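Visitor: Next one to model:
(chains A and B)
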Amino acid sequence: DAGVIQSPRHEVTEMGQEVTLRCKPISGHDYLFWYRQTMMRGLELLIYFNNNVPIDDSGMPEDRFSAKMPNASFSTLKIQPSEPRDSAVYFCASSLKSLGGVETQYFGPGTRLLVL
Amino acid sequence: RKEVEQDPGPFNVPEGATVAFNCTYSNSASQSFFWYRQDCRKEPKLLMSVYSSGNEDGRFTAQLNRASQYISLLIRDSKLSDSATYLCVVNIGNQGGKLIFGQGTELSVKP
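Guide: Next comes the predicted model:
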């Protein structure tokens, strides 16, 4: 399996521009997570989906952030308008919930976003 | 208070040393516990799960103390390749697959 795929790997944009990050989870996984990582705040969960349905978006910073999962193999995280404080590494992860508990989350390589 | 707190680090140790990381969690409803490893500029990867009875995987030993809400990771005979950030991770049972990550502890193993 190719693992979790994210694109783009790097993004440099100017303040005010729209940014769209993309994720393809591992085939068959029914959970998808979006995280943001910065030096100051560490790894923060933004939102997660189960079977394409958003379950918890309490970590989404504000209305400028939105996420969608139109099907089991694709999700997007959009920032509009972007601000310099959004600069971070954004990770997508997927997992498969087992009857016995929580399965391993597999992370994609991340998107390094720099907003100037 | 953060839900998952770890030693701030960084830990700088010589090859062959034994090093221990500690972690505390605040939610008593936490049900599953993990250590993840993150190499510089890479994604986090599962190192090992942590079970109530304690578990060992080669040079790595993880312990859980539910009463004290405390998790530990012991690395014996440390190698240069162990240099990374170690993340303490907790799953709270009533929140599905959601994981809470600690800030991480950086380990640097020197020759």
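
Visitor: Right, and chain B sits closest to which residue of chain A?
Guide: residue A:107 (3.8 Å; CB to the nearest CB). Glycine gets a C-beta too; all of them are placed from N, C-alpha and C.

Visitor: residues in contact with that residue?
Guide: Applying CB atoms under 8 Å, 6 or more residues apart in numbering or on different chains, one finds that residue A:107 lies in contact with A:4, A:35, A:91-93, B:43-45.

Visitor: Who does it form a beta bridge with?
Guide: residue A:93 (DSSP bridges).

Visitor: Looking at it now. What's its pLDDT?
Guide: Turning to residue A:107, the model gives it a pLDDT of 96.

Visitor: What of residue A:116?
Guide: At residue A:116 the predicted local distance difference test score is 97.

Visitor: from what I can see it touches residue A:12, true?
Guide: Yes - the pair residue A:116 and residue A:12 passes the contact test of CB atoms under 8 Å, sitting 6.8 Å apart.

Visitor: Give me the nearest residue to residue 74, chain neighbours excluded.
Guide: Going with chain A. In space, residue A:74 comes closest to residue A:24 once its chain neighbours are excluded; the distance is 6.0 Å by CB to CB, 6 or more residues apart in numbering or on different chains.

Visitor: Can you look at chain B instead?
Guide: Closest residue in space to residue B:74, ignoring its immediate chain neighbours: residue B:61 at 4.4 Å, by CB to CB, 6+ apart.

Visitor: Which of the contacts of residue A:107 are buried? Put it as a PyMOL command.
Guide: Here is the PyMOL command that selects the buried residues among the contacts of residue A:107 (16 or more other CB atoms under 10 Å in any protein chain shown):
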select buried, (chain A and resi 4+35+91+92+93) or (chain B and resi 43+44)
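
Visitor: Out of the contacts of residue A:107, which is nearest to residue B:106?
Guide: Nearest to residue B:106 among the contacts of residue A:107 is residue B:44, at 13.4 Å by CB to CB.
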